[in-house]
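Chemist: Pasted the sequence and its predicted model underneath.
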Amino acid sequence: MAIHRAMCTTDPATEPSMPTVTVSLVALLLHMGWARDLEVRNLEGRLRAAEDGLQRLKYVLEELRREYEATRHSLSVAEEDAARLDNQINKLQALLQQGMVAFSASLHSGKIGPLPTATTLIYDDVLTNYGQAYDSDKGTFHPPYSLIQQTFHRYGTFTAPVGGVYYLTFKANAPAGSALAVSLVKNDGVQCSVYGELGGDAGSGAVLALRKGDRVVTRLSSNSCVEGDEKRRTGFGGFLLFPTA
């Protein structure tokens, strides 16, 4: 009997404490679950932050795209404006080149008239010939811009090289006692005239709107005369004020 009791008797100090182990395990599991939940929440927060960042990035990219389109449109408009401006500059330069018209010629010596019919005066002394358009051999201004001008280059004719507003002037001197009658004639139409019965000096001029190819001459009337001298008191000149075409 004593032996049996000895085999069945146990030491309470060596027996495991079941409630303590269970609580610790539960606490560990709870801690692990809480940590996992915390990690999940952190991941969810980071994911939401990433999604927000992506949305902001999309917004920024869209704004940049709109700005790029607006800039490209502005550049296109600027290029078109630049092209139009270049075209206008080229046209203005062409007009300026055509508009460089100025001449002055005089009768340096000799006498013309009196003649039985009216005649176009031809001048032998070229003072100014901007653009080399005045034929000094013939005493004629004929700008080399069209074939029309070559047709009349022998007759003391000014031919408008470009449409515009011109100032043309003339002066005449007649010997004492001689009749003086000279007219500025555009396409056979008298624009202005000077007269004198006892010789002397006279002059006039006009601002004329000319089309390209219009012809202007100084015409000595019949039975009148003019003479040249070193003072160049008989002459014809003019220049383009501004082009109109």
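Modeler: Right, received. Where do you want to start?
Chemist: now stretch 78-89: how far from the chain's centre is it?
Modeler: 6 Å (CA atoms, centre = their mean, to the nearest Å).
Chemist: mean confidence score for it?
Modeler: The average pLDDT within stretch 78-89 is 88.
Chemist: Stretch 50-67 now?
Modeler: Stretch 50-67 comes out at a mean pLDDT of 88.
Chemist: separation between Ala174 and Asn129?
Modeler: Distance from Ala174 to Asn129, counting by CB to CB, to the nearest Å: 26 Å. Any C-beta I mention is one placed from the backbone N, CA and C, and that applies to glycine too.
Chemist: Is Arg211 in contact with Gly163, as I believe?
Modeler: Yes - the criterion here is CB atoms under 8 Å, and Arg211 meets it with Gly163 at 4.9 Å.
Chemist: These two: who's more crowded?
Modeler: Gly163 (18 against 12; other CB atoms under 10 Å).
Chemist: and the gap between the more buried one and Lys91?
Modeler: In terms of CB to CB, Gly163 sits 14 Å off from Lys91.
Chemist: same check, this time on Gly238
Modeler: As judged by CB to CB, Gly238 and Lys91 stand 24 Å apart.
Chemist: Compare neighbour counts for the two and give me the winner.
Modeler: Here Gly238 and Lys91 are compared on neighbour count by other CB under 10 Å; more neighbours surround Gly238, at 22 against 10.
Chemist: Quick check: nearest residue in space to that one, chain neighbours excluded?
Modeler: The shortest distance from Gly238 to any non-neighbouring residue, by CB to CB, 6 or more residues apart in numbering, is to Leu168 (3.6 Å).
Chemist: what sits against the one you found?
Modeler: Taking CB atoms under 8 Å, 6 or more residues apart in numbering, we find Leu168 in contact with Phe158, Leu184, Gly205, Ala206, Leu208, Val216, Phe236, Gly237, Gly238.
Chemist: that older thread, and Ala174 and Asn129? which has more neighbours close in?
Modeler: Set side by side, Ala174 and Asn129 give different neighbour counts by other CB under 10 Å, the larger being at Ala174 (28 against 15).
Chemist: Fine by me, we can end here.
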